[in-house]
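Asker: Here you go, sequence then predicted model.
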Amino acid sequence: MEQFTDTETNLFSAMVYRFDVAAQKLNLGEGLYKFLRYPTREISVYVPVLLDDGRLEIFKGFRVQHSFARGPCKGGIRYAPDVTLDEIKALAAEMTWKCAVVNIPFGGAKGGIICDPPKMTPGELERLTRRYTAQILEFIGPETDVPAPDINTNEQVMAWIMDTYSMHARRTVTAVVTGKPVELGGSAGRREATGRGILVTAREAIKKLDMTSKPPTVAIQGFGNVGSTAARLMHADGYKIVAVSDIHGGIYNPAGINITELLAFTGKNKTVLGFPNTERISNAEVLELPCDMLVPSATENQIHAKNAPNIKARILCEGANGPTTPQADVILQENGVFLVPDILANAGGVTVSYFEWVQDRYGYFWREEDVTSRLHETMIRSFHEVVGFAEKFKVDNRTAAYMLAIDRVAHVVKMRGYYA
Ligand code: NAD
């Protein structure tokens, strides 16, 4: 097992550390360990974009494909100034484990471009997206690698990717991406799938811990696709959302925030700050509030060795990918925090992405209630499989989720053989 000194700051080191722990418990064996530890392919591209002021700028982009063992690679594309290859490598592997946890026939991939979307015009974002797609064209496709939205990418970006790919293929290939607008082959229920998956697993955790006697109090960090949907669905389910935040800071009301009104407010103001009848707090304070459940839904490494001792929530349900560091995991476990790990809690998005891919390939679209009921079934089954694994092998829920996933991928690799 490798010794890492940077698991608190480097998402890739944290992922490999967790992989190592689970691989040891599974007695994976040296060959399988090596096979699964490394990605299959890392692609770096330099993307030229003509800016609106006439200058040419070069942006760096990545696509990492971790595993094809169980099917085509699947994973989001993020646009952010701090994207790194290590981060994308970590998230690509996490996608392999996530798809295996919910048992859908995909491997894992992730993409990213170093850019600052709020500072770019829609035209610049479109040209960036199309040129990046053109540069990774031969590596993506319905049978090979199917991108999806992630931080700062959305249905519009997916529509541009689908159109660029289709123009080169000389036919409309809707199944090349998921998270598309419904009118372009998207799935009913995809937009809210990640948030809905969080609600379903949170509800199972609350039942498991016998906390159903009163509405749970919840703090949510991040109010984008994942955080705002989780907040809306939890609010509709009777949960008391006491705090939410975005990149600018947080708001708090111990009596509960009206999320329906907050969504109308953020639609106009583009931030949660200034919402009436709330106290302004920092993003760090949101994480440390007294509440039943904490749902980090912004970005990675938010809960670390320094603030983990201050977390008061009984349940940590990870909406974001990698919000908790390995050292924080140990502290939270010692303090009895019940963890719903990211590769389970936020797997609703990729589950409905799988449903979207199936519908595109069939050319036959399901009713929203069918999508939702299949999503519920998948999330509830996966929650109990992970918790069952944890109890059987006497490990924490994160290690259990990794073990369940690695075992499923390793089984397939053994059947297929190494071809090495
Ligand atoms: P998004 O861009 O829609 O929203 C991100 C939110 O987090 C915004 O409210 C932003 O203001 C806030 N934020 C960003 N940096 C922050 C910081 N440093 N501190 C506090 N808040 C910050 O992105 P999203 O799609 O909602 O993704 C959020 C997380 O969920 C990411 O980790 C992503 O990988 C993960 N995720 C997303 C999906 C999906 O379907 N979109 C699926 C699975 C996992």
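Answerer: Nice, I can see it. Residues are numbered from 1 along each chain as shown.
Asker: List the buried residues of stretch 105-116.
Answerer: By neighbour count on 16 or more other Cβ atoms under 10 Å, the buried set for stretch 105-116 is 106-115. For every residue, glycine as well, the C-beta is placed using N, CA and C.
Asker: The stretch 101-250 of the chain: helices as residue ranges?
Answerer: 122-135, 155-169, 193-208, 225-236 (DSSP state H, counting those that start in this stretch).
Asker: Among the ones you listed, which comes closest to residue 370?
Answerer: helix 193-208 (13.1 Å; Cβ to Cβ).
Asker: Quickly check: that closest one near the ligand or not.
Answerer: Yes. Using Cβ under 6 Å from any ligand atom, helix 193-208 reaches the ligand at residue 194.
Asker: which strands and helices sit next to that helix?
Answerer: In this structure, helix 193-208 makes packing contacts with helix 225-236, strand 293-296, strand 315-317, strand 338-340, helix 342-345, helix 348-362, helix 368-393, judged by 3 or more Cβ pairs under 8 Å, 6 or more residues apart in numbering; DSSP states H and E.
Asker: before we move on, back to that, counting only strands, which of the buried residues of stretch 105-116 make the cut?
Answerer: Judged by DSSP state E, those include 107-114 as members of strands.
Asker: if we can go back for a sec, let me have the helices of the stretch 101-250 of the chain in TSV, adding mean pLDDT, distance to residue 343 and mean neighbour count as columns.
Answerer: TSV is the format used below for these (pLDDT from 0 to 100; distance: least, Cβ to Cβ, whole Å; neighbours: other Cβ atoms under 10 Å):
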stretch	mean pLDDT	distance to residue 343	mean neighbour count
helix 122-135	98	26	19
helix 155-169	98	22	19
helix 193-208	98	11	23
helix 225-236	97	14	23
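Asker: closest one to residue 61 among the ones you listed?
Answerer: That would be helix 122-135 among these, by Cβ to Cβ, at 4.9 Å.
Asker: Export the closest one to PDB, keeping only CA atoms.
Answerer: Output in PDB follows, covering the C-alpha atoms of helix 122-135 (Å, rounded to 0.1, in the frame of the first residue of the first chain):
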ATOM      1  CA  PRO A 122     -22.500  32.400 -24.100                       C
ATOM      2  CA  GLY A 123     -20.800  32.600 -27.500                       C
ATOM      3  CA  GLU A 124     -17.300  32.000 -26.000                       C
ATOM      4  CA  LEU A 125     -18.700  29.100 -24.000                       C
ATOM      5  CA  GLU A 126     -20.300  27.600 -27.100                       C
ATOM      6  CA  ARG A 127     -17.100  27.800 -29.100                       C
ATOM      7  CA  LEU A 128     -15.000  26.400 -26.200                       C
ATOM      8  CA  THR A 129     -17.500  23.400 -25.900                       C
ATOM      9  CA  ARG A 130     -17.600  22.700 -29.600                       C
ATOM     10  CA  ARG A 131     -13.800  22.800 -30.100                       C
ATOM     11  CA  TYR A 132     -13.200  20.700 -27.000                       C
ATOM     12  CA  THR A 133     -15.700  18.100 -28.300                       C
ATOM     13  CA  ALA A 134     -14.000  18.100 -31.700                       C
ATOM     14  CA  GLN A 135     -10.700  17.400 -30.100                       C
END
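Asker: That one vs helix 155-169, what angle?
Answerer: Orientation of helix 122-135 against helix 155-169 (axes from the mean of the first three to the mean of the last three Cα atoms, to 10 degrees) gives an angle of 40 degrees.
Asker: for helix 122-135, the distance to its chain's centre please.
Answerer: 23 Å (Cα atoms, centre = their mean, to the nearest Å).
Asker: can you list the residues of the stretch 301-420 of the chain near the ligand?
Answerer: For the stretch 301-420 of the chain, the contact set with the ligand under Cβ under 6 Å from any ligand atom comprises 319-321, 346, 349.
Asker: and of the helices and strands packed on helix 193-208, who's closest to residue 77?
Answerer: helix 348-362 (12.5 Å).
Asker: Need the CA coordinates for that closest one. PDB is fine.
Answerer: Coordinates of each C-alpha in helix 348-362 appear next as PDB, following Å, rounded to 0.1, in the frame of the first residue of the first chain:
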ATOM      1  CA  GLY A 348     -29.100   9.200  -8.700                       C
ATOM      2  CA  GLY A 349     -27.700  11.400 -11.500                       C
ATOM      3  CA  VAL A 350     -25.800   8.700 -13.300                       C
ATOM      4  CA  THR A 351     -28.600   6.200 -12.700                       C
ATOM      5  CA  VAL A 352     -31.100   8.400 -14.600                       C
ATOM      6  CA  SER A 353     -28.300   9.200 -17.200                       C
ATOM      7  CA  TYR A 354     -28.300   5.400 -17.800                       C
ATOM      8  CA  PHE A 355     -32.100   5.500 -18.200                       C
ATOM      9  CA  GLU A 356     -31.600   8.400 -20.700                       C
ATOM     10  CA  TRP A 357     -29.000   6.500 -22.700                       C
ATOM     11  CA  VAL A 358     -31.300   3.400 -22.800                       C
ATOM     12  CA  GLN A 359     -34.300   5.600 -24.000                       C
ATOM     13  CA  ASP A 360     -32.100   7.300 -26.700                       C
ATOM     14  CA  ARG A 361     -30.900   4.000 -28.000                       C
ATOM     15  CA  TYR A 362     -34.500   2.600 -28.000                       C
END
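Asker: would residue 63 count as being in a helix?
Answerer: No. Assessed with DSSP: H, G, I helix; E, B strand; the rest coil, residue 63 is strand; it does not lie in a helix.
Asker: got a list of what the residue of the chain found nearest the ligand touches?
Answerer: Using Cβ to the nearest ligand atom, the closest approach of the chain to the ligand is made by residue 224 at 1.7 Å. Each residue near residue 224 by Cβ atoms under 8 Å, 6 or more residues apart in numbering is listed here: 151, 246, 297-298.
Asker: For those, give me TSV that also has neighbour count and pLDDT.
Answerer: Below are those laid out as TSV (neighbours: other Cβ atoms under 10 Å; pLDDT from 0 to 100):
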residue	neighbour count	pLDDT
151	20	92
246	20	97
297	29	98
298	21	96
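Asker: ok, which of those residues also contact the ligand?
Answerer: Residues of the contacts of residue 224 in contact with the ligand (Cβ under 6 Å from any ligand atom): 151, 246, 297-298.
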